[in-house]
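*Asks:* Pasting the sequence and the predicted coordinates here, then a few questions.
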Amino acid sequence: MNIYKLDITEFIAEVGRNNTEHGFRDDPLKPTDFVALIHSEVSEMLEEFREIICQYVDVEPEEVTEDARFMEDLGFNSYDFMSLVGEVEERYDVEVEEREVVQIKTVKDAMDYIASLM
């Protein structure tokens, strides 16, 4: 089966079947379980980003949303932003490409980029 040609529902069903077949789960993974898992991971990463960001700029944690822009909304300057990038690299054990950093405008952009490197 070519998983690259599956839609998301078929992909989730295939992952569930494989988990059951190989003894990782007793029951197949349902789409709602998969969505809940993804939401949990995103929420956890957002909390970690809030913690890091609040060390660099004077904002309340609830102001750090996925849509918040680093410069315009959170008040980062270029030095603070590059310092943040360095800390994120250390925390997540990734290497951020300099040419990619200029494309990151929002917290969600950063989270998506870091997740793609892990």
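*Replies:* Nice, thanks for sending it over.
*Asks:* So, low pLDDT: which residues of the chain?
*Replies:* 1-9, 11-42 (pLDDT under 70).
*Asks:* what about V88, how many neighbours?
*Replies:* By the criterion of other C-beta atoms under 10 Å, V88 has 20 neighbours. Just so you know, the C-beta spots here come from the backbone N, C-alpha and C atoms, and that holds for glycine as well.
*Asks:* quick one, helices of the protein?
*Replies:* 8-21, 31-56, 78-92, 98-101, 107-117 (DSSP state H).
*Asks:* List the contacts of the shortest one.
*Replies:* Applying C-beta atoms under 8 Å, 6 or more residues apart in numbering, the external contacts of helix 98-101 come out as M82, V85, Y113.
*Asks:* Nearest to K105 among those residues?
*Replies:* The closest of the contacts of helix 98-101 to K105 turns out to be Y113 (C-beta to C-beta; 10.9 Å).
*Asks:* my guess is that closest one meets V96, correct?
*Replies:* Yes - with contact defined as C-beta atoms under 8 Å, Y113 counts as touching V96 (7.5 Å).
*Asks:* Distance check, V96 against E62.
*Replies:* Using C-beta to C-beta, to the nearest Å, we find V96 at a distance of 26 Å from E62.
*Asks:* One more: D93?
*Replies:* Where E62 is concerned, D93 sits at a distance of 28 Å (C-beta to C-beta).
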